[in-house]
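Student: 3D, please:
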Amino acid sequence: MQQNEFETLVKALCKKKNLPQVLEALKACEDQDIVEAAQSLAGQFRLAEVEGEQRIYHVFTDEDENGEEQELAEWIMNEGDDVIKFIAWFFYAMFDMKQKETYQAAGKTYQQPKRS
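Tutor: The predicted structure is shown next:
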């Protein structure tokens, strides 16, 4: 995918209202690698209330060092956050693109999460 095509895609995705809409748009993309990556994530997101916030998690299974399956959860964003958070996570998790690059393609400023 060329840079200008990537920028066009990211800007179109940013117009979606929520994560499910973005995921559906990714599944309908012309780029087969993106379609397959989006399809592989189907059914892997959960909403949970934590500290009074509705958080969206990517829930998946992985093998630990003993070869046993374990369920893991990665916090992606809060419900109601700008969908650029999910879009940047998607391209980082699936294609190892820096989140800052995705934000730049959308014309947005990326802020590094604060460490606690």
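Student: point out where the chain drops to low pLDDT.
Tutor: The chain contains residues with pLDDT under 70 at 115-116.
Student: tell me where it has helices.
Tutor: 3-14, 19-27, 32-40, 84-95, 99-105 (DSSP state H).
Student: now render those helices as a markdown table, adding distance to residue 51 and mean neighbour count.
Tutor: Every residue, glycine included, has its C-beta placed from N, CA and C. Formatted as a markdown table, these follow (distance: least, Cβ to Cβ, whole Å; neighbours: other Cβ atoms under 10 Å):
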| stretch | distance to residue 51 | mean neighbour count |
| --- | --- | --- |
| helix 3-14 | 27 | 16 |
| helix 19-27 | 20 | 17 |
| helix 32-40 | 29 | 14 |
| helix 84-95 | 17 | 20 |
| helix 99-105 | 23 | 19 |
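Student: let's have these in CSV, adding distance to residue 68.
Tutor: Output for the helices of the chain, formatted as CSV (distance: least, Cβ to Cβ, whole Å):
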stretch, distance to residue 68
helix 3-14, 36
helix 19-27, 29
helix 32-40, 22
helix 84-95, 23
helix 99-105, 31
